[in-house]
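> Predicted structure and sequence below. I'll ask about it afterward.
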Amino acid sequence: WYSQRLAQGRAPRRMSQSVYFSGWGAVFFATVLAAALLTWHQCTKSNDLAPGQHGANSDFKAFQRAYLIVYYLAMLADWLQGPYVYALYESYGFSSHDIAVLFVGGFGSSMLFGTFAGAAADRVGRKACGMLYVVLYIASCMTKHFKDYSWLMLGRVLGGIATSLLFSTFESWLVCEHNARGYDASWISRTFSLAYFGNSVAAIVAGMMAEAAAELKALTPIAEGGAGEGTTSLLYYGGFTAPFDLSMSVLAVLGVALMCLWNENYGTTSSATMSASEELWKALRALSRDKAILLLGTAISLFEGSMYVFVFKWTPTLTPGEVKPPYGLIFSTFMVCAMCGSSLFGILASASVRAEKILQFVFVIAAVALALPAVSSSVSINFICFLAFEACVGARSSPRVLARRPPAHVRVRARPPSLGPPACHRCVLPRDGHAQVAASPRGGARDRVQHLPCAAQPDRPGRPAQLTLAVPGVCRVRHDAGGGGSVPVAAGQDAHARLHRSLGHAHDR
């Protein structure tokens with residue numbers, strides 16, 4: 001009976017009823033406690049966790065809710081598919097090599113389409129691309145019911161395209177709409193912080209929801225038998241396909257929310273008329289001209305590559321025998337550890353530890369965490385190493401990780417991160433990019449520049465660009481590029497002078 005249940009792609013019911021009281025459950029609750037303590041510590045250490053929330057009006061809060069509802073649903077639908085992808089393919093009887101090719105198909109389509117996804121969203125519209133994400137991901141989930149390699153590969157390709165849209169459309173809509181409505185530039189950091197935190201919670205909840213859905217019914221063929229004896233069914237339902245059905249339900253709700261809550265917006269005139277090849281060539285020129293961008297891109301690519309290897313291998317590594325562990329609960333535990341890593345990074349950054357130094361240790365720990373499972377056959381050791389690696393992923397993905405000094409004039413589309421800690425000076429460049437200058441309380445300024453998508457810079461014909469520098473609790477300065485000079489709009493001239501001295505060349509840029 002036990003072996004039959006495993007062959008059907010479903011763990012025994014009596015095991016699932018006690019999974020939260022097993023060793024897997026104990027680790028899960030321990031990591032949840034650690035994440036709660038770290039988050040509480042980070043909150044109590046900061047005097048102003050939410051820059052920009054003060055003075056936000058009801059109209060902005062309604063706009064913020066409209067974005068976050070859509071964003072949370074989009075991320076929840078994506079996370080629901082994470083725990084059981086490999087397990088489903090394995091339950092269909094495919095070999096490890098065949099499954100690897102399926103994963104490469106998804107990653108490859110995401111790489112190819114992701115190069116042009118930002119430009120496509122500029123031309124077609126962000127809301128339209130959001131709806132395309134819904135349609136493509138629903139189609140991808142539907143293919144999971146087919147025990148046919150060609151259908152599954154098609155699903156992986158569609159899923160890769162949908163993932164590219166997910167990480168290039170939704171945040172671009174936010175930046176463009178935020179500026180188009182004329183909201184204070186500092187308020188957007190609060191929205192990004194809420195989005196990042198909610199995304200972590202959605203990932204944790206998604207693992208638990210997927211675990212429960214996979215246990216509702218065994219993997220069952222829709223039509224047994226066929227024309228000849230021993231013929232297997234092409235279509236299946238239940239078991240490891242259930243999380244994908246749940247994801248389709250969330251995607252349907254997402255489509256309704258998009259239609260009701262969002263209006264359409266587009267990229268700037270220059271970005272909308274630029275061809276995809278011109279966009280790619282511009283990005284390549286930026287890489288060749290600035291060593292910092294090239295090094296940053298290389299570091300991100302190498303780490304992302306190791307992460308994709310982990311995504312492919314964690315399921316078989318933690319399944320050494322016939323007994324299948326609770327993949328959904330394990331996935332939730334990974335996401336909790338990622339939240340712990342992000343909180344740890346925030347605590348260290350608040351203690352004035354440079355981001356570069358933190359990330360050096362993060363990369364070393366991540367390398368060791370993936371090296372040990374290569375030589376170890378112990379599930380316990382491998383699981384602990386994977387938890388450490390996920391903490392490193394959370395630290396690397398922390399909203400406090402800022403790119404250093406890319407040229408502000410280069411319009412290279414990127415996924416806009418959260419806008420940094422509240423103690424930072426903020427420089428808002430409405431047309432050429434978004435910059436931040438991080439300064440310690442004692443005045444030692446270090447410039448940190450972020451580039452947001454072209455959506456962040458709506459065209460304003462006939463209007464000169466303005467540079468606004470806001471130092472919370474000190475002063476606020478507006479610089480008019482049309483000849484008006486620098487005008488202090490808050491605090492006094494002494495504070496204005498101190499600001500100029502502390503920012504130096506960063507202010508000129």
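Sure thing, it's come through.
> ok, now which ones touch Gly198?
Counting by C-beta atoms under 8 Å, 6 or more residues apart in numbering, Gly198 touches 68, 71-72, 75. Where C-beta positions appear, they are placed from N, C-alpha and C, glycine not excepted.
> Give me the secondary structure label for it.
helix (DSSP: H, G, I helix; E, B strand; the rest coil).
> ok so, going back, top of the contacts of Gly198 by number of neighbours, please.
Tyr71 (24 neighbours; other C-beta atoms under 10 Å).
> I'd say that one and Leu194 touch.
No. If you go by C-beta atoms under 8 Å, Tyr71 and Leu194 don't touch, sitting 9.2 Å apart.
> hang on, the earlier thing: Ser397: which of the contacts of Gly198 is nearest?
Met75 (12.9 Å; C-beta to C-beta).
> in the host helix or strand of Ala26, what's buried?
In the assignment (DSSP states H and E), Ala26 maps to helix 23-45. By neighbour count with 16 or more other C-beta atoms under 10 Å, helix 23-45 contains the buried residues 24, 27-28, 31-32, 34-35, 38-39, 42.
> where's the dip in pLDDT among these?
pLDDT across the buried residues of helix 23-45 is lowest for Gln42, at 70.
> Remind me what the helix or strand hosting Leu136 packs against, helices and strands.
Using DSSP H and E, Leu136 falls within helix 126-143. Packing partners of helix 126-143 (3 or more C-beta pairs under 8 Å, 6 or more residues apart in numbering; DSSP states H and E): helix 58-79, helix 96-124, helix 149-180, helix 242-261.
> Report the buried residues of it.
126-134, 136-138, 140-143.
> same question, stretch 180-187
For stretch 180-187, by 16+ other C-beta under 10 Å, it's 183-187.
> what angle sits between the host helix or strand of Arg190 and helix 58-79?
Following DSSP H and E, one finds Arg190 within helix 187-214. Taking axes from the mean of the first three to the mean of the last three C-alpha atoms, to 10 degrees, one finds helix 187-214 and helix 58-79 inclined to each other by 40 degrees.
> Run me through the strand neighbours of the next helix-or-strand element following helix 187-214, direction for each.
On the C-terminal side of helix 187-214, the closest following helix or strand by DSSP H and E is strand 220-221. Here strand 220-221 has these sheet partners by DSSP bridges: strand 236-237 (antiparallel).
> Report the mean per-residue pLDDT for the strand it pairs with.
Strand 236-237 comes out at a mean pLDDT of 92.
> do the same with stretch 85-92
93.
> what residues does that stretch touch?
8-9, 98-99, 102, 144, 147, 152, 219, 236, 239-241, 244, 312, 315-316, 319, 324, 327.
> Could you identify the buried members of those residues?
8-9, 99, 102, 144, 147, 152, 219, 236, 239-241, 244, 312, 315, 319, 324, 327.
> what's near enough to touch Ser397?
So Ser397 contacts 338, 342 (C-beta under 8 Å, 6+ apart).
> hang on, the earlier thing: any chance of CSV for the contacts of Gly198, columns pLDDT and distance to Gly346?
Below are the contacts of Gly198 laid out as CSV (pLDDT from 0 to 100; distance: C-beta to C-beta, whole Å):
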residue, pLDDT, distance to Gly346
Leu68, 94, 20
Tyr71, 95, 21
Tyr72, 95, 21
Met75, 96, 20
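> quick check, nearest of the residues you listed to Ala121?
Distances from Ala121 to those, taken by C-beta to C-beta, are shortest for Tyr71, at 15.0 Å.
> before we move on, back to that, which of the helices and strands packed on helix 126-143 is buried the deepest?
Highest mean neighbour count of those: helix 149-180, a mean of 22 (counted as mean count of other C-beta atoms under 10 Å).
> now for it, which elements pack on it?
helix 58-79, helix 96-124, helix 126-143, helix 187-214.
> among the ones you listed, which is nearest Met259?
helix 126-143 (7.7 Å).
> CA atoms of the closest one as PDB?
The C-alpha atoms that make up helix 126-143 are tabulated as PDB, following Å, rounded to 0.1, in the frame of the first residue of the first chain:
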ATOM      1  CA  ARG A 126       2.700  47.100 -19.200                       C
ATOM      2  CA  LYS A 127      -0.900  46.100 -18.400                       C
ATOM      3  CA  ALA A 128      -1.200  44.200 -21.700                       C
ATOM      4  CA  CYS A 129       2.100  42.400 -20.900                       C
ATOM      5  CA  GLY A 130       0.700  41.600 -17.500                       C
ATOM      6  CA  MET A 131      -2.300  40.000 -19.100                       C
ATOM      7  CA  LEU A 132       0.000  38.100 -21.500                       C
ATOM      8  CA  TYR A 133       1.800  36.800 -18.400                       C
ATOM      9  CA  VAL A 134      -1.500  35.500 -17.100                       C
ATOM     10  CA  VAL A 135      -2.400  33.700 -20.400                       C
ATOM     11  CA  LEU A 136       1.100  32.200 -20.900                       C
ATOM     12  CA  TYR A 137       1.400  30.900 -17.400                       C
ATOM     13  CA  ILE A 138      -2.000  29.400 -17.400                       C
ATOM     14  CA  ALA A 139      -1.100  27.600 -20.700                       C
ATOM     15  CA  SER A 140       2.100  26.500 -19.100                       C
ATOM     16  CA  CYS A 141       0.300  25.000 -16.100                       C
ATOM     17  CA  MET A 142      -2.200  23.200 -18.300                       C
ATOM     18  CA  THR A 143       0.600  21.300 -20.100                       C
END
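> Pass me the low-pLDDT residue ranges in the stretch 51-200 of the chain, would you?
51-56 (pLDDT under 70).
> All the helices of the stretch 251-400 of the chain, residue numbers only.
269-273, 276-289, 291-317, 327-350, 355-375, 379-396 (DSSP state H, counting those that start in this stretch).
> if you compare those, which one is most tucked away?
Greatest burial across those, using mean count of other C-beta under 10 Å, falls to helix 327-350, with a mean of 24.
> Where does pLDDT dip in the stretch 301-450 of the chain?
For the stretch 301-450 of the chain (pLDDT under 70), the answer is 398-450.
> rerun at 80
Low-confidence segments of the stretch 301-450 of the chain (pLDDT under 80): 320-323, 350, 397-450.
> what does stretch 66-73 contact?
130, 170-171, 173-174, 177, 191, 194-195, 198-199, 202, 250-251, 253-254, 257-258, 261-262.
> Can I get the helices and strands packed on helix 149-180 in TSV including distance to Glu278?
Formatted as TSV, these follow (distance: least, C-beta to C-beta, whole Å):
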stretch	distance to Glu278
helix 58-79	29
helix 96-124	9
helix 126-143	20
helix 187-214	28
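> So for Ile161, which of those helices sits nearest?
Of all these, it is helix 96-124 that lies closest to Ile161, at 4.7 Å by C-beta to C-beta.
> and the gap between Ile365 and Pro373?
14 Å (C-beta to C-beta, to the nearest Å).
> returning to what we had before: and the helices of the stretch 251-400 of the chain as CSV, adding distance to Ala212?
Supplementary listing: those in CSV, determined by distance: least, C-beta to C-beta, whole Å:
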stretch, distance to Ala212
helix 269-273, 44
helix 276-289, 42
helix 291-317, 18
helix 327-350, 7
helix 355-375, 28
helix 379-396, 21
